[in-house]
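>>> Show me how the following folds:
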Amino acid sequence: MSSPLTDVQLSLAAAVTLLTMSGCKLWLGLLLALSFCLHIKASGETLVKTIGKEADVTPLCTNGTDRAIVLIVCKISTKRSRGEQCRLVYRYEHGFDHQCDSRFRLMIENQTLFLHLINLTPEDSGSYTCECSQNQATHILHLNITVEEVSGDENVPNPFLPIVLQVTAFIILTGIILGFLCRNNCSIRKNEPITGHPNSEEAEDREAYNFVNRTAKTT
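Presented below is the predicted three-dimensional model:
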């Protein structure tokens, strides 16, 4: 029969063995997770853009036979938001989830996902970060966007434009009326009979002829 001290030692040894086995399993799980994370390739890109009020489209990633798009998350932080972020999300199972206003949207065309921006103001300048997750690959696009202010001259209409148009229309209309009147006067003159004094040369010839006849009769 074993002594009580020996039983305690055996119990401690068994407990240490169990802890060691549990620790090995934990480390093995961590190593597997680490190897899986290392297997996923991550790439990044930084793009600086200056845009205006017109629509701007930036391609994010494209579906492929071996690289299907699983998830896209765009985080937008602008001067207007003062550090707060809104998000644009696309999930393969659920589609689009636009948490920003309608000027910021994700759109898909020909298997390519785009970031679509329109009607932005200088207050919308800021950081736009989009992360595209595909099978065994993740692409991160950092956009530093500056929105130019629209010049005031482009929005103010020319005050002289209506006057110029009115003068031009008046000149054209006056030319049409004068041309019509001239055409009628010319046609009237052509239809009038020709009247007037006979030619002086014809009168002199006729007078000379009569004088010759009178002279012949007297002789």
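
>>> And the strands in this protein?
Applying DSSP state E to the chain gives strands spanning 41-51, 56-62, 69-78, 86-91, 95-98, 104-109, 112-117, 126-134, 137-147.

>>> Rebuild those strands as CSV, extending it with distance to Ile171 and mean neighbour count.
To be clear about C-beta, it is placed using only N, CA and C from the backbone, and glycine gets the same treatment. Shown next, in CSV, are these (distance: least, C-beta to C-beta, whole Å; neighbours: other C-beta atoms under 10 Å):
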stretch, distance to Ile171, mean neighbour count
strand 41-51, 44, 11
strand 56-62, 44, 16
strand 69-78, 52, 19
strand 86-91, 56, 17
strand 95-98, 55, 13
strand 104-109, 50, 16
strand 112-117, 47, 18
strand 126-134, 53, 19
strand 137-147, 44, 17
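
>>> so where's this protein uncertain?
Where the chain drops to pLDDT under 70, the residues are 1-42, 151-158, 186-219.

>>> what do you get if the cut-off is 50, keeping everything else the same?
1-5, 8, 15-16, 18-19, 24-40 (pLDDT under 50).

>>> can the strands of the chain go into TSV with extra columns for distance to Thr174?
Below are these laid out as TSV (distance: least, C-beta to C-beta, whole Å):
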stretch	distance to Thr174
strand 41-51	49
strand 56-62	49
strand 69-78	57
strand 86-91	61
strand 95-98	59
strand 104-109	54
strand 112-117	51
strand 126-134	58
strand 137-147	49
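
>>> Nearest to Pro159, out of the ones you listed?
strand 137-147 (29.0 Å; C-beta to C-beta).

>>> helices and strands around that closest one, which ones?
The helices and strands touching strand 137-147, judged by 3 or more C-beta pairs under 8 Å, 6 or more residues apart in numbering; DSSP states H and E, are strand 41-51, strand 56-62, strand 126-134.

>>> out of those, nearest to Gln111?
Ranking those by proximity to Gln111 (C-beta to C-beta) places strand 56-62 first, at 5.8 Å.

>>> ok, residues contacting the closest one?
Defining contact as C-beta atoms under 8 Å, 6 or more residues apart in numbering, one finds that strand 56-62 is touched by 47, 49, 69, 72, 74, 106-107, 111-118, 120, 130, 132, 134, 139, 141, 143.

>>> now do 6 Å
Strand 56-62 has contacts (C-beta atoms under 6 Å, 6 or more residues apart in numbering) with Ile69, Gln111, Thr112, Leu113, Phe114, Leu115, His116, Leu117, Cys130, Cys132, His139.

>>> same check, this time on stretch 80-87
Residues from elsewhere that reach stretch 80-87 (C-beta under 6 Å, 6+ apart): Lys75, Ile76, Ser77, Gln99, Cys100, Glu123.

>>> what's the span of it, first residue to last?
End-to-end distance of stretch 80-87 (C-alpha to C-alpha, to the nearest Å): 15 Å.

>>> please renumber so the chain begins at 481
Got it, the first residue is 481 from now on, which makes the last one we talked about stretch 560-567.

>>> would a markdown table of the helices and strands packed on strand 617-627 with distance to Phe660 be doable?
What follows is these, written out as a markdown table (distance: least, C-beta to C-beta, whole Å):
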| stretch | distance to Phe660 |
| --- | --- |
| strand 521-531 | 55 |
| strand 536-542 | 55 |
| strand 606-614 | 65 |
